[in-house]
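Q: quick one, what's the 3D model for this:
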Amino acid sequence: MRARRAVYRARRLWVFGSLAAVIVLAAGGIFTAMALAQSAGSGATAEPAASESPTPVPEETPLTPAQTLLASTSDPQACAVQFTGDAIALDPVLQTQGALYSALPIPRAEGKVFAGWYASDQDAAALSAAARVNGSDAVSCVDRQVTLHGAWTTPEVNAAEDAGIPILMYHQFTANPEGENNSLKLNYAYIGDFDAQMAYIASSGFYLPTWDELSAFIDGALFLPEHSVIVTDDDAHQTWLDLAAPVVEKYKVMTTSFVITKWRTEGPPNPYVLQRSHTQDMHEAGENGKGRMVNWTADQIAADLEQSAQVLGVKEVVAYPFGHYNDTTKRGVAQAGFEMGRTIEQGYVRIGTDKLALPCIRINYGMTVDDLVGLIG
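A: As a prediction, this is how the structure comes out:
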């Protein structure tokens, strides 16, 4: 009995000893963990975990002014036209592929005369008339962009050119080689002669100035070559539309049709025909047998021209009905915001010509291409 009790006591002592050892070991682990935590908090640096370097994001190339302009339109035919050259700092403009250039800028600089836009820097340096670009040319882009190169000359060179710019004036047309047997026979150009004349202009390297170019030329601010010509038609008669307009489209000769907007309000028959005012309702005789433009007040003239401009969407130049004009006419034209007026007086436009009394070269029935060569060179 005593022996069993001794064994029981021995076992109990062994269990208590084992438990105590476990407790001591556990306590030691806790203290070790606390020590490590304190060590980390005291500034010890742990080794960083290995990680991959981030892939660099490439910077986007900023858009050029031309690209920014193209991004602003959804028109697939839009073309950004850029301008370069000495003393030229112009923003690009939008034009339409295949259409004629519209409102190209005409820079001005003190002591210089602008000599036009060209397809290349070499053409600009040579003042090559054949490569000069203006509103008589169709827009042609590569990747929806094109650059025009500006050129300058001097006032002395401009004066020495001594260009006299003819404004050809046609009226009605006929397919009859014998002409029309009526009181207006001289007004009716034979369409065969007209075709030959336009073919000559198109194939002979003539420069075709726009009206804003003619205005700058008169100011002495733009150089125009002597070999320049402006083609116009008065009245927008049905024979002009049926017979002559297809000819100018065939030869791609820019012309101006002076429209009486009371009689005709439709748009131009093709891209090579500009429409300008022949007044709204002043192609009528006044009380003294002369045109209303010399019978009405300046206010009445201005009001009529405003109506005409609303139909056409442009002002710029007016052809005086019957060629009649006076100082009151000029005041009314200027009051309406028109810059130029074309008469029927025979002559050539030169530097310093009165912009409200532009002369012209009248083309009558029976005049051949040889007659035209004698008039415009």
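Q: got the phi and psi for residue 361?
A: Backbone torsions for residue 361, taken as degrees, to the nearest 10, come to phi -120, psi 110.
Q: quick check: it vs residue 123, distance?
A: Noted for residue 361: a distance of 29 Å to residue 123, by Cβ to Cβ, to the nearest Å. No exception for glycine: its C-beta is placed from N, CA and C like everyone else's.
Q: same question for residue 320.
A: 38 Å.
Q: of those two, who's got more company?
A: More crowded of residue 320 and residue 123, by other Cβ atoms under 10 Å: residue 320, with 27 against 19.
Q: hmm, the more buried one is touching residue 329, no?
A: Yes - with contacts counted by Cβ atoms under 8 Å, residue 320 reaches residue 329, the gap being 6.9 Å.
Q: need the overlap of contacts for those two.
A: 293, 341 (Cβ atoms under 8 Å, 6 or more residues apart in numbering).
Q: and for residue 174, the neighbour number?
A: 19.
Q: do a quick rundown of the strands in the stretch 101-250 of the chain.
A: Using DSSP state E, counting those that start in this stretch, the strands of the stretch 101-250 of the chain run over residues 113-118, 132-133, 145-153, 167-170, 172-174, 188-190, 230-235.
Q: please produce CSV containing those, extended by mean pLDDT.
A: Shown next, in CSV, are those (pLDDT from 0 to 100):
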stretch, mean pLDDT
strand 113-118, 98
strand 132-133, 98
strand 145-153, 98
strand 167-170, 98
strand 172-174, 98
strand 188-190, 98
strand 230-235, 98
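Q: now those in JSON lines, with distance to residue 313?
A: Below are the strands of the stretch 101-250 of the chain laid out as JSON lines (distance: least, Cβ to Cβ, whole Å):
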{"stretch": "strand 113-118", "distance to residue 313": "24"}
{"stretch": "strand 132-133", "distance to residue 313": "24"}
{"stretch": "strand 145-153", "distance to residue 313": "25"}
{"stretch": "strand 167-170", "distance to residue 313": "22"}
{"stretch": "strand 172-174", "distance to residue 313": "25"}
{"stretch": "strand 188-190", "distance to residue 313": "28"}
{"stretch": "strand 230-235", "distance to residue 313": "18"}
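Q: go through those strands and name the closest to residue 265.
A: Evaluated over those, closeness to residue 265 peaks at strand 230-235, with 14.2 Å, by Cβ to Cβ.
Q: now the closest one - C-alpha only, PDB.
A: Taking Å, rounded to 0.1, in the frame of the first residue of the first chain, the C-alpha atoms of strand 230-235 are listed here in PDB:
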ATOM      1  CA  ILE A 230     -10.400  88.300-114.900                       C
ATOM      2  CA  VAL A 231     -13.300  86.800-116.800                       C
ATOM      3  CA  THR A 232     -16.900  88.100-116.000                       C
ATOM      4  CA  ASP A 233     -20.400  87.800-117.300                       C
ATOM      5  CA  ASP A 234     -23.200  90.300-116.700                       C
ATOM      6  CA  ASP A 235     -26.800  89.400-116.000                       C
END
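Q: now do that strand: which elements does it pack against?
A: Packing contacts for strand 230-235, counted by 3 or more Cβ pairs under 8 Å, 6 or more residues apart in numbering; DSSP states H and E, involve strand 167-170, strand 255-259.
Q: list the neighbouring strands of that strand plus their orientation.
A: Here strand 230-235 is paired, per DSSP bridges, with strand 167-170 (parallel), strand 255-259 (parallel).
Q: how about the strands in the stretch 251-377 of the chain?
A: Going by DSSP E, counting those that start in this stretch, the stretch 251-377 of the chain shows strands at 255-259, 273-277, 317-319, 340-346, 358-362.
Q: residue boundaries of the helices in the stretch 151-300 of the chain?
A: Assigned by DSSP state H, counting those that start in this stretch, the helices in the stretch 151-300 of the chain fall at 155-161, 191-203, 211-218, 238-239, 245-251, 298-312.
Q: contacts for the fourth one?
A: To tie it back to what came earlier, the one meant is helix 238-239. By Cβ under 8 Å, 6+ apart, the list of residues contacting helix 238-239 from outside reads 172, 173, 174, 188.
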